[in-house]
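**Q** The following comprises the amino acid sequence and a computationally predicted model.
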Amino acid sequence: MNRRISGVKKEVNALRKSYQSTTNNVNLIQDRKAKYFDGRRNYEGYVQEAKLKSWKNFCTINDGVKTWNILYKVASEKSHLVLD
């Protein structure tokens with residue numbers, strides 16, 4: 001999932017740079033703007049999906065453990081717990 005998001009992020013950044021560097025041709029600007037905003041929407045969708053999947057995974061793994069204790073440790077940076 002993270003590799004897919006990284007790849008899409010690189011594509012969106014390339015589209016943004018392409019869109020921002022375009023000058024003089026109005027049709028080309030509109031085309032690149034549309035491509036950039038479509039790519040950005042897709043990227044944001046992937047990020048939301050990954051966040052939701054990660055949260056659901058976190059909640060199911062830690063059923064027997066006091067979840068709030070883990071969250072407090074992560075929030076206070078006292079634990080090096082990595083949530084995938």
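**A** Good, I have the coordinates.
**Q** Show me what the biggest helix by length in the chain is packed against.
**A** As assigned by DSSP state H, the longest helix anywhere in the chain is helix 26-61. Applying 3 or more CB pairs under 8 Å, 6 or more residues apart in numbering; DSSP states H and E, one finds that helix 26-61 makes contact with helix 2-21. Every residue, glycine included, has its C-beta placed from N, CA and C.
**Q** Residues touching the helix it packs on, excluding its own?
**A** Contacts with helix 2-21, where a contact means CB atoms under 8 Å, 6 or more residues apart in numbering, come from 29, 32-33, 35-36, 39-40, 42-43, 46-47, 50, 84.
**Q** Quick check on those: which are buried?
**A** Among those, the ones that count as buried by 16 or more other CB atoms under 10 Å are 32, 33, 35, 36, 39, 40, 43, 46.
**Q** Show me the shaky parts of this protein.
**A** Along the chain, the parts satisfying pLDDT under 70 run over 1, 62-67, 77-84.
**Q** who's sitting farthest from the centroid in it?
**A** Within the chain, residue 24 marks the point farthest from the mean C-alpha position, 32.4 Å out by CA atoms, centre = their mean.
**Q** now that residue, what's its secondary structure?
**A** The three-state label given to residue 24 by DSSP: H, G, I helix; E, B strand; the rest coil is coil.
**Q** contacting residues around the residue nearest the centre of the chain?
**A** Per CA atoms, centre = their mean, the C-alpha nearest to the average position across the chain is that of residue 47, at 3.1 Å. Residues in contact with residue 47 (CB under 8 Å, 6+ apart) are residue 5.
**Q** What separation is there between it and residue 18?
**A** In this view, residue 47 and residue 18 are 21 Å apart by CB to CB, to the nearest Å.
**Q** Can you give me the buried ones in the host helix or strand of residue 72?
**A** Assigning secondary structure by DSSP states H and E places residue 72 in helix 67-75. Across helix 67-75, burial judged by 16+ other CB under 10 Å covers residue 70.
**Q** Measure how it sits relative to helix 26-61, angle-wise.
**A** Per axes from the mean of the first three to the mean of the last three CA atoms, to 10 degrees, the angle that helix 67-75 makes with helix 26-61 is 130 degrees.
**Q** Apart from its chain neighbours, what residue comes closest to residue 32?
**A** Using CB to CB, 6 or more residues apart in numbering and skipping the chain neighbours, the partner closest in space to residue 32 is residue 19 (4.2 Å).
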